[in-house]
Every structure is written in C-alpha cells, then in structure tokens.
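Novice: Here's my sequence, what's the structure:
(chains A and B)
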Number of protein chains: 2
Amino acid sequence: MIVFILGADGYIGWPLTRSFLARGHEVIAIDSYFRRRAALELDCEPLLPSPTLQKRMTLLKERTGLSGRVYIGDVTDPEFLTGLCRRYEPNVIVHLAEQRAVPYAMMNARKAAFTLKTNLLSTISVIYAVIEGAPTCHIVKLGSLGEYGTPNTPIPEGFCEMTIHGRSDVFLFPRHALDVYHLSKVMDTDLLFLFAKSDGLAVTDLMQGVVYGVDDSGTPPDLRTNFQYDHVFGTVLNRFVAQAICGHPLTVYGGGGQMRGFISLQDAIECIYLAASHPAGRGQLRVYNQFTDTFSVIQLARKVQAVAQGMGNDVRIQRLPNPRREGEDSFYQPEFRGLRELGFQPRLLDERALERMLRFVGAYKTRIDQRKILPDSAEFAARTRDGESPGARDEVVVC
Amino acid sequence: MIVFILGADGYIGWPLTRSFLARGHEVIAIDSYFRRRAALELDCEPLLPSPTLQKRMTLLKERTGLSGRVYIGDVTDPEFLTGLCRRYEPNVIVHLAEQRAVPYAMMNARKAAFTLKTNLLSTISVIYAVIEGAPTCHIVKLGSLGEYGTPNTPIPEGFCEMTIHGRSDVFLFPRHALDVYHLSKVMDTDLLFLFAKSDGLAVTDLMQGVVYGVDDSGTPPDLRTNFQYDHVFGTVLNRFVAQAICGHPLTVYGGGGQMRGFISLQDAIECIYLAASHPAGRGQLRVYNQFTDTFSVIQLARKVQAVAQGMGNDVRIQRLPNPRREGEDSFYQPEFRGLRELGFQPRLLDERALERMLRFVGAYKTRIDQRKILPDSAEFAARTRDGESPGARDEVVVC
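Specialist: Numbering: from 1, shown residues only, chains lettered A, B, ... in the order given. Down below sits the predicted model:
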C-alpha cells in the first residue's frame, strides 16, 4: 500500500509510520509541526527530547534500512495536499493532523477558534485532495469516543434506527461532545459522511479511547515517540504515571466518576493498521469504536496508585474542579465489535502494563518538570470559570 | 431591548434592522461586507443598487428619524465582538453573519473551507463575546430547514427520544445536511448547544425555510433590501421570478421533486422579532422550525409559471443536473408549533404574493443581467462532476 500519514510527527503518528514501514508499505509522512510549536509556546516539552521528523526518518534508515518520505507542510492548504495526492496516488490516508488537546481548545476564544479552524480545514482539505487527486483512496480518520459524550444508551458503532410518530429512518448515532475539541471531531465525521454520500468517498472513522503507554519495545531512545505528561498534551493515564513517579498527587477533575474508554498505544496502532488493510467501500462511512477497557477516572487513579505503591512510591490522589460540565458515575457502554471482526485481539490494561509504564517513566524521573503538571492558576480559573485555583505555577500569560 | 444584528447589511439583516428600530429598540448594526465583496468578485450584483449600510442608516434617519449605530468589522475576530458586547451589553444578538450561499460553498475546496471557517468562527466568537461581555444575552441564530436533509420521519422542533437495546435518552434530532453550507450551520448549532449546557447561554435556533420576497411595503427604493436573482446568492423563488420576467426558462435542478420549506421575507422578520422578544431560558437551546409552506421545487416552478403566464409572460421550465445528491419526491414533514405558540400568524404563498413579486421585479426588468442567471459552464461542470454543462455563460475563472 501507499500510505499517507498526516500528523506523522505525533505520539501515534510516528510509531504508526514505523509500523507501516516495517510491514513493507510505502509511507509518505506529513506534518506541520503544530504540536511542537504549541508545546514550545506553552512550555510543555515532552519527557524525551525528540529529533525532528526528518532527522528521525534519517536515523531510522541508518539503523534499520526502512525509509519513508517526509513532507513538512500544512494540510489545511488544499493545494499542498492535492498536489501530493496527484503525485503519489495513495491507497490510504490516515488523518491524524489535528489539534488534539482538550485543554488547549478550552484556554480561550482564540484557541477554541484555532482548534475548529485547524481540524475542520484539514478534513475538508483531505476530502478535496482525495476527490481531485486520488478518488479511490480510503480515508482513515482518527475520531474519539469522547465525541459521544455519555448517553444513557449503549453507543452503537455508527448508525441507529429511530422511529418518530410511527415513521422510521436510519441516522448516524447522535454525538453530544462535551468540549470544543471533541465537537470539532464530530464535525469532521459529518463532513466525511456528507462527501461519502455525494462523491463516493471510502471512509473509516475510528472512535478511539484515551491512548496510553510508551514506545519501549526495543526502540532506541532517539526513535521513540514523544511522551507528554503535562496538563495540555498529556492524556490522563500518561499524566498519572508521571505524577506517581515524581511524587505529585494524581490529579482528578471533579469526583472522578466520569467514564472513559482506554487503549494502549500498541493496540491503537494495531487497530489503525487493521482498518487501513481492510478498506471501507466506496460511498461508505464505516464507524468502529476503538478501545480495550472502560474505567472511571477515579478507578484509573486508584489502579495507578495501587501499582505505584507496590513499587515503593508514595502516591496520593487530589481532586480539582472539573473544567468540563459532565455527568459522573453514569451509564457507559460503547459497543465493540467491528475491529474484533477484523481480527483485533485486545490487550487489557493490567498491572503488568502499568508496571512497565511506571518503570519506563521512572528511568527519566529527573526529566519530569513538576511545573508542567498543572495549568497556571489564572488560566485554570478562566477554564473552570469559578475562580478556584490549583495554584501550582507562577502566572504566565499565554494567548 | 438593545439588539445586535450581525449581518445587518444582508437581505434579511437590513429590513430586520429597520423593523427593530421602528418598534422602538436600540440597534447596533454590524457587517463585514463579505457578501458585497463576494458579489463583486463573482459579478453577481443585486437587482437594485444598494447604498452602503452606513449610507442607508443616514438616509433612514433623515427620512424617518430612526437611528441605529453601524459597525463595519469582522465578527470572527473575537476581540471586536467582545469589545462591543462589553460596551453595549446587548439583550439579544441576532446572528446572521454567515456565508449563506450553497453554490458558493460548492464551487471549490477554497470556498468550502472559507464557508466552514467563516460560519464556525463567527459562531464561536459570538459565544465567547457573550460569555465574556454580556453573559445573560439571548442569542438568536438563523439556522435552516436544509440542515435536516430529508429524513423519512417527521422533523421535530429540537429534541427526540431514542431507545437502544431497551435504554432511552433524549438527543438533539439528528441533522444530515446535504451540502457544506448547511452542514456548517449544523455545526453552529452543535457549538451553541455545547455552550448552552456548559456556560448557561440562552439560545434560539430558527430552522428557517427558503426566504423569498421583496421589501416593497412603502419602502423608498434606496432603503430597500438587496434582491439577488443570480445563481450564487439568489434563493430559488426569487430566481424563478426574475427568470419569468426576463423570458429565461425557470431552471430546476434534477427532477425538481426535492422538497423545501418556504417563508416570505416579511414573515421571516416577524418570526425573528417574536423569538427575540420571548427569550430562551439560560442554559436552553430552543429550536423552532420557521416556515409557512412546503413545496417541491417543481411545484413551485409550476406555480410561478401559472401566475406569470396569467400576467402575459411566456414561461418555460428547464431541467439541469442537480449538483447536490438528494432524494426526490420523498416524505417531508417538519413540525411547526413553537412560533405559532408565540403568536405568529403565517401568510401563505398564494397567487397574490407571487403577482406582487412579479410586478416588483418587472418594474426593474431592464436591470436583470441574464448572464448572471446560470453559472458559467466550467464551474457548473465541476460542481456537478459529470461534465454536463448548461452552457449559458462564457467561461470565467473564479477561484
């Protein structure tokens, strides 16, 4: 296959790029370096310093002989992407090129607008690039289970039938996201669904749980993916592990009863690979929920606490006001069938997996900057809108 | 009331501004002149030359004593709008400041992206301006019946209950728009719904039918609203009337069986006024369907044909390939209750109303430019993607 990976410099994008290359596919790795620039601006550098995408690709070639092309550019520019589609005629585009941090989108009006603009315009650009440059190309879009919110019903994979006053029709299952970032991804899906119907696009929408884990299966340090543990780009389990290692309390927003789906980085890559290898039909929007476990945030914190304490760390749990308004301890039951039918065998989040993460992060303990673990108080107060402040950092103005 | 009208220079915006002023309210009229610039670029000037918004406001004051403030600026700039909210503390914002032409959004990738960006960023800007500058302000957003597509069920006003595997929840009724413009408005609603829940915004979403009609009830010519009959900004009935007057066939896309809701300009203004005068509650997204009649496009063409022929015009109907993929002759039943409960008394589209429109446009017959009635062939072929060409205009490149 000829594979475009948009967002190839990212936490998922880089190991995914390596995985496609290792399985013998041709990869065009594309990134705008947005996350690098934002992490710099917000002083949220990842745990490991990561060489540029170009440099990592060169290192990869030197060490393994695997080689992919790198393009640094903004996929929201339709001419850039259409040109690449015409040139390489990809079989699959894996679209990861989005602003993907909930806290970033909630910081202020400008960053909310930026998130909407970047995510929607990258998606419409992918759509037109495929129509104009590679019309049979399969689009694999990374969605999120967070797009659904927490409905009181099971969450089907894709569509549902509804009857109103005795008449029935089939609808895309309604998605009531709880923040601007996840809403931007609902909108992505709506766009892809529209053009699947009107222009025969083949689309897979992967409704992914929160991804956790490290890239430690024999990968040399300078080829590992970035691991963010900060309050902006760090996902919840990765943050908990860094907090446990450096003696910071595990910070839980609200009561912690909010439910989430989870999946390891390795399994996420496996699922994306499976979806890419089994394309959707032309004109089809195919939706898969992509997770292995569901926990409440407080359950997860307690799991980390137990394993970390067993390894000799002193770990407390601290509650902070929740910047999102969301139900807690609610019913949560996403369906999980489609990826299993493609042969996916989930690896659950067990003590061994947690121990491995704790050991990996523990080896870089001295590199953890505790000031990055919580947002600065002014910004957090603005997000929570109630004036409460965790007060962990000096005030730094970021706009 | 202190009323902001965003998009006050538009077809609805300007008579709405006059209507609020005439009923004794304070109006801040805001526009970016986007439509004027786009009409200039695309060579689609309206039937009547219209003085700038500033000039029309001055003329209005001289003739009637009614006076409103005018701001020319881009509401997608959150600082501009937040500043105005802090300064005037509006009771209502009527949000009409969007790219509102379906054909414009379908021209190419760049214009599709522009439509998404403009409409989403104006809405997120309104949201933050209200949160930060006027938190109790009621937002009245002009939506469209076109956001729903044509489901096989009745279209409720707002919410619906759905049961999956024996468990029920209430969802916003799913909207499956058939083009990027209408989809951008679905996304507007999703944003407003999110912030109604999270920040207590009071929102009314008016799902409006296709607006038609002229602004002829005693208004002097230079204070009348713009009337567009062209292939980009002209809505279907207004186009039919201009076509009938100048001897051009009435152009129907596809078989013409596609169903639409309709409402006159006067009734649209009345509905917006009623909604603005009866605010939604804080934290509430209130959805009203806003239309008076439903017809298929071919039914509408035959109505215009009959009345125009009765007035001595020779009128034919011509079918063109439909650039949208949509069902025809399908079930179509939007509910219509909320605005009636507020006291709205619909005026139906009857022969008299059509005669009045035909007479009004007939008085400006010599100003109709037939080259504007159809898109140029290259652009149209790109939109329909099947190479068929209506062939009415010379080829002009617009990007």
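
Novice: And the helices in the stretch 201-350 of chain A?
Specialist: Counting by DSSP state H, counting those that start in this stretch, the stretch 201-350 of chain A has helices at residues A:236-246, A:265-277, A:297-310, A:338-341.

Novice: how close does A:Ile93 sit to chain B?
Specialist: Distance, A:Ile93 to chain B, using CB to the nearest CB, to the nearest Å: 15 Å. All C-beta spots, glycine's among them, are computed from the backbone N, C-alpha and C.

Novice: out of everything not next to it in sequence, what's closest to that residue?
Specialist: Closest residue to A:Ile93 apart from its sequence neighbours, by CB to CB, 6 or more residues apart in numbering or on different chains: A:Phe4 at 4.3 Å.

Novice: cool, and A:Val214?
Specialist: Spatially, and ignoring its direct neighbours in sequence, A:Val214 is nearest to A:Phe360 (4.5 Å; CB to CB, 6+ apart).

Novice: Which of the three states applies to A:Ile30?
Specialist: strand (DSSP: H, G, I helix; E, B strand; the rest coil).

Novice: For it, give me the pLDDT.
Specialist: Reported pLDDT at A:Ile30 in the predicted model: 98.

Novice: likewise A:Phe380?
Specialist: Taking A:Phe380 on its own, its pLDDT is 53.

Novice: Repeat that for A:Gly261.
Specialist: For A:Gly261, the pLDDT comes out at 97.

Novice: List the beta-bridge partners for it.
Specialist: A:Thr294 (DSSP bridges).

Novice: residue boundaries of the strands in the stretch 151-300 of chain A?
Specialist: Ranges of strands in the stretch 151-300 of chain A, per DSSP state E, counting those that start in this stretch, are A:159-164, A:167-172, A:202-208, A:210-212, A:250-253, A:259-264, A:285-290, A:293-296.

Novice: Could you save those as TSV and add columns showing mean neighbour count and distance to A:Arg23?
Specialist: As requested, the strands of the stretch 151-300 of chain A are exported to TSV (neighbours: other CB atoms under 10 Å in any protein chain shown; distance: least, CB to CB, whole Å):
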stretch	mean neighbour count	distance to A:Arg23
strand A:159-164	16	31
strand A:167-172	15	32
strand A:202-208	26	18
strand A:210-212	22	20
strand A:250-253	21	37
strand A:259-264	22	19
strand A:285-290	25	19
strand A:293-296	19	26
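
Novice: Relative to B:Lys185, which of these is closest?
Specialist: strand A:167-172 (16.8 Å; CB to CB).

Novice: Report all helices and strands that the closest one contacts.
Specialist: strand A:159-164, helix A:180-199 (3 or more CB pairs under 8 Å, 6 or more residues apart in numbering or on different chains; DSSP states H and E).

Novice: ok, is the last one in contact with chain B or not?
Specialist: Yes: part of helix A:180-199 sits close enough to chain B to count as contact by CB under 8 Å from any CB of the partner chain, namely A:180, A:183, A:186-187, A:190-191, A:193-194, A:197-199.

Novice: Chain B contacts on the stretch 1-150 of chain A?
Specialist: Residues of the stretch 1-150 of chain A lying near chain B (CB under 8 Å from any CB): A:76, A:78, A:82, A:108-110, A:112-113, A:116-117, A:120-121, A:124-125, A:128-129, A:132.

Novice: How far does stretch A:320-330 sit from its chain's centre?
Specialist: Taking CA atoms, centre = their mean, to the nearest Å, one finds the center of stretch A:320-330 at 20 Å from the center of the full chain.

Novice: Nearest to B:Gln54 among the helices of the stretch 201-350 of chain A would be which one?
Specialist: Judged by CB to CB, the one of the helices of the stretch 201-350 of chain A that comes nearest to B:Gln54 is helix A:236-246, at 52.4 Å.

Novice: averaged over its residues, what pLDDT does that closest one have?
Specialist: The model assigns helix A:236-246 a mean pLDDT of 96.

Novice: So which bits of it are buried?
Specialist: Across helix A:236-246, burial judged by 16 or more other CB atoms under 10 Å in any protein chain shown covers A:236-246.

Novice: Can you tell me what sits against stretch A:27-37?
Specialist: A:2-10, A:13, A:17, A:20-21, A:52-53, A:57, A:68-75, A:81, A:84, A:88, A:90, A:97, A:99-100, A:118, A:233 (CB atoms under 8 Å, 6 or more residues apart in numbering or on different chains).

Novice: How about that stretch, which residues are buried there?
Specialist: Neighbour-count burial for stretch A:27-37 [16+ other CB under 10 Å]: A:27-32, A:34-36.

Novice: out of those residues, who's nearest A:Asp205?
Specialist: Using CB to CB, the buried residues of stretch A:27-37 come closest to A:Asp205 at A:Ile30, 20.0 Å.

Novice: where among the helices and strands packed on strand A:167-172 is the average confidence lowest?
Specialist: Within the helices and strands packed on strand A:167-172, confidence is poorest for strand A:159-164, with a mean of 93 (mean pLDDT).

Novice: Give me the contacts around that one.
Specialist: The set of residues external to strand A:159-164 that reach it, using CB under 8 Å, 6+ apart, is A:168-173, A:287, B:153-154, B:156, B:160, B:162, B:164, B:174.

Novice: Closest one to B:Ala275 out of those residues, please.
Specialist: The closest of the contacts of strand A:159-164, once distances to B:Ala275 are taken by CB to CB, is B:Pro156, at 17.4 Å.

Novice: Tell me how far the residue nearest to A:Val214 lies from A:Leu265.
Specialist: A:Phe360 sits 12 Å away from A:Leu265, going by CB to CB, to the nearest Å.

Novice: Could you pull out the residues contacting both of the two?
Specialist: A:Val214.

Novice: low pLDDT regions in chain A?
Specialist: Residues of chain A meeting the criterion pLDDT under 70: A:376-399.

Novice: I'd like to know how many residues surround A:Arg23.
Specialist: 11 (other CB atoms under 10 Å in any protein chain shown).

Novice: from the contacts of stretch A:27-37, which would you call buried?
Specialist: A:2-10, A:13, A:17, A:20-21, A:53, A:57, A:68, A:70-71, A:74-75, A:81, A:84, A:88, A:90, A:97, A:99-100, A:118, A:233.

Novice: Out of those, name the ones that lie in helices.
Specialist: Counting by DSSP state H, the part of the buried ones among the contacts of stretch A:27-37 found in helices is A:13, A:17, A:20-21, A:53, A:57, A:81, A:84, A:88, A:118.

Novice: of all those residues, which two lie farthest apart?
Specialist: Once CB to CB is applied, these give A:Leu21 and A:Thr118 as the farthest pair, at 26.7 Å.

Novice: any idea how far A:Leu47 is from the residue nearest to A:Val214?
Specialist: Counting by CB to CB - A:Phe360 and A:Leu47 are separated by 9 Å.

Novice: For the stretch 1-150 of chain A, which segments count as strands?
Specialist: Going by DSSP E, counting those that start in this stretch, the stretch 1-150 of chain A shows strands at A:2-6, A:26-31, A:69-72, A:92-95, A:138-144.

Novice: Show me what the fourth one is packed against.
Specialist: Yep, that's strand A:92-95 we're talking about. So strand A:92-95, by 3+ CB pairs under 8 Å, 6+ apart, packs with strand A:2-6, helix A:109-133, strand A:138-144, helix A:265-277.
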